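Student: Quick check, what structure comes out for this input:
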Amino acid sequence: MSTPSFELEPHLADLRTRVRAFVEEHVIPNEAAIVAEDQHKERTTLTRVREKARSAGLFVPHLPKEHGGLGLGVMGMCALFREMGRSPIGAACFNCDAPDQGNMDLLLKSASPAVRERWLAPLARAEITSGFSMTEPAPGAGADPSNLKTRARRDGNEWVIDGHKWFTTGGGDASFLIVMARTSDEGREAASMFVVDRHAKGIEHVRDVPTMSPPILAHREAEMRFHGVRVGDDAVLGQIGDGFRLAQARLVPARLTHCMRWLGLAARALEMCREYVVTRESFGKTLAHHQLIQKKFADGALRIHAGNLMTLHCATMLEKGLEKEARPYSSMAKNHVANLLCDVLDDAIQMHGALGYSEDKPFSLWYRFARAARIADGPDEVHDVVIARDFLRGALTTLV
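Tutor: The predicted structure follows:
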């Protein structure tokens, strides 16, 4: 099998350069202000940066041009998200952060015209935010979606939703939610997705779940209850029974965009470490001259490069329409990149010593943010099973 080429087309290479320059000039210098304002649910600085991104023609690049975007494919999204990810708030500045980016894609491909008109247009303009409600407290759906307990039953010409969700990212402030609910007990066709007005009668925002990481922008994990929430047929995404299929269609490319964002942050952290170790002296020489420090850089650089290649390889498969074949490779990339991000940040703290452990540097905050990467979109162990299962049955053909 021929080795895939990951050289970007000239227009994508140019876009990547422009996004990198925008992040360095407008996003990173405003990080602290945006995060500080967000603690009071203010968006003044974020709105100003978003307007600059819109003026630069870099807003919602994943969407078609008729929705204000650039109509990029998966490869283009990965290339740009790698640069946006250099800041934890980078993707939000371009209005393509999770969960909104994945929800936009779902609405674009699977929503009724009425739903797209009501929700997609304002979401693309960053006038509203959204949430994705799939995960449930035990014994409900988590790593195993077949445990789905939330139900939607038919009542006349409406659907009535009852259930309990949590870790609905941004759900408390969202204008609408995409809710996964059981509509039958028919195996792979047991679940469906519904677009639900967040403020509809019967929706209870129980709380924002406290987590290891302080919330950044929309990343507050909401616990929600649905008490007889009524929606019409036009709220169904795709067809009844499409829920699991749509979830996979959303999650596989989402894993890649997550990976590229994480790679961007890991690369920035390693670069910051380089700036420090070439000046900090210890035991008669700079840290950069100590071999144990050099080993940390070698490991970090190697693993970031491998993550880039794994992610771009999977992106090429998706661009060729090989969604099923790409699944184990997306699991490989997700596990590899999530773990390398945590390790690079742990090494960054270690190389900076007490300074790294303090909040005078961002590594401790980033680490708390990054630790969720090994759980979000499926824990490590689930992806290990996917990879092993597909290899054992001969589905991983590009290893030879």
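
Student: From now on I want contacts and neighbour counts done on CA atoms only, so please keep to that.
Tutor: Noted.

Student: give me the low-pLDDT residue ranges for the stretch 1-150 of the chain?
Tutor: The model of the stretch 1-150 of the chain has pLDDT under 70 over residues 1-6.

Student: And the helices in it?
Tutor: Along the stretch 1-150 of the chain, the segments classed as helices by DSSP state H, counting those that start in this stretch run 10-22, 31-38, 44-55, 74-84, 90-93, 100-110, 113-115, 121-124.

Student: Can you tell me the closest non-neighbouring residue to Val35?
Tutor: Ile216 (6.4 Å; C-alpha to C-alpha, 6 or more residues apart in numbering).

Student: circling back to that earlier point, minimum distance to Thr183: which of the helices of the stretch 1-150 of the chain has it?
Tutor: helix 100-110 (17.5 Å; C-alpha to C-alpha).

Student: Now that closest one: buried residues?
Tutor: Across helix 100-110, burial judged by 16 or more other C-alpha atoms under 10 Å covers Asp100, Gln101, Gly102, Asn103, Met104, Asp105, Leu106, Leu107, Leu108, Ser110.

Student: what's near enough to touch the fourth one?
Tutor: The contact partners of Asn103, by C-alpha atoms under 8 Å, 6 or more residues apart in numbering, come to Ser130, Gly131, Phe132, Ile178.

Student: Next one: the second one from His352, what distance?
Tutor: Computed as C-alpha to C-alpha, to the nearest Å, the Gly131 to His352 distance reads 37 Å.

Student: can you check the last one too?
Tutor: When distances are taken as C-alpha to C-alpha, Ile178 and His352 turn out to be 42 Å apart.

Student: Among these two, which residue is more densely surrounded?
Tutor: Ile178 (24 against 18; other C-alpha atoms under 10 Å).

Student: OK, contacts around Val385?
Tutor: Contacts of Val385 by C-alpha under 8 Å, 6+ apart: none found.

Student: in what helix or strand does it lie?
Tutor: Using DSSP states H and E, Val385 sits in helix 380-392.

Student: tell me which residues in that helix are buried?
Tutor: Quick answer for helix 380-392 (16+ other C-alpha under 10 Å): Asp380, His383, Val386, Ile387, Asp390.

Student: cool, stretch 130-144 as well?
Tutor: Ser130, Gly131, Phe132, Ser133, Met134, Thr135, Glu136, Gly140, Ala141, Gly142, Ala143.

Student: Same question for stretch 153-165.
Tutor: Buried, per 16+ other C-alpha under 10 Å, within stretch 153-165: Arg153, Glu158, Trp159, Val160, Ile161, Asp162, Gly163, His164, Lys165.

Student: got it, and stretch 59-79?
Tutor: Buried-residue list, stretch 59-79, by 16+ other C-alpha under 10 Å: 59-63, 67-79.

Student: Measure how buried Phe81 is and give me the count.
Tutor: Neighbours around Phe81, by other C-alpha under 10 Å: 30.

Student: now Arg118: how far from Ala124?
Tutor: 11 Å.

Student: Could you check which of these two has the larger neighbour count?
Tutor: Per other C-alpha under 10 Å, whichever of Arg118 and Ala124 has more neighbours is Ala124, with 21 against 11.

Student: Out of the buried residues of stretch 153-165, name the two that are farthest from one another.
Tutor: Most distant of these, by C-alpha to C-alpha, are Glu158 and Lys165, 21.1 Å apart.

Student: wait, which of the contacts of Asn103 is closest to Pro210?
Tutor: Gly131 (17.3 Å).

Student: residues touching Pro328, list them.
Tutor: Here Pro328 is in contact with His383, Val386, Ile387, Asp390, Leu396 (C-alpha under 8 Å, 6+ apart).

Student: again, 7 Å this time
Tutor: Val386, Ile387, Asp390 (C-alpha atoms under 7 Å, 6 or more residues apart in numbering).

Student: will you turn those into CSV that also has pLDDT and distance to Val27?
Tutor: What follows is the contacts of Pro328, written out as CSV (pLDDT from 0 to 100; distance: C-alpha to C-alpha, whole Å):
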residue, pLDDT, distance to Val27
Val386, 93, 37
Ile387, 94, 36
Asp390, 92, 40
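
Student: Nearest to Asp347, out of those residues: which one, please.
Tutor: Ile387 (27.5 Å).

Student: what sits against the closest one?
Tutor: With C-alpha under 7 Å, 6+ apart, Ile387 has these contacts: Pro328, Ser331, Met332.

Student: how close does Gln239 get to Arg245?
Tutor: 10 Å.

Student: strands paired with whichever strand or helix holds Gly228, and their directions?
Tutor: Here Gly228 sits within strand 221-232, counting by DSSP H and E. Note on strand 221-232: by DSSP bridges, its sheet partners are strand 158-169 (antiparallel), strand 203-208 (antiparallel).

Student: what's the angle between the lengthiest helix in the chain and helix 74-84?
Tutor: In the chain, with assignment by DSSP state H, the single longest helix is helix 243-277. Taking axes from the mean of the first three to the mean of the last three C-alpha atoms, to 10 degrees, one finds helix 243-277 and helix 74-84 inclined to each other by 40 degrees.

Student: Mind listing residues that contact the helix or strand just after helix 243-277?
Tutor: Once the chain leaves helix 243-277, the next helix or strand it forms, by DSSP H and E, is strand 281-282. With C-alpha under 7 Å, 6+ apart as the test, strand 281-282 has contacts from Leu287.

Student: Run me through the strand neighbours of strand 281-282, direction for each.
Tutor: By DSSP bridges, strand 281-282 pairs with strand 285-286 (antiparallel).

Student: Quick check: mean pLDDT of the partner strand?
Tutor: Averaging pLDDT along strand 285-286 yields 96.

Student: Phe194 belongs to a strand?
Tutor: Yes. Assigned with DSSP: H, G, I helix; E, B strand; the rest coil, Phe194 falls within a strand.

Student: so what's it up against?
Tutor: With contact set as C-alpha under 7 Å, 6+ apart, Phe194 has these partners: Ile178, Val179, Met180, Ala235, Val236, Leu237.
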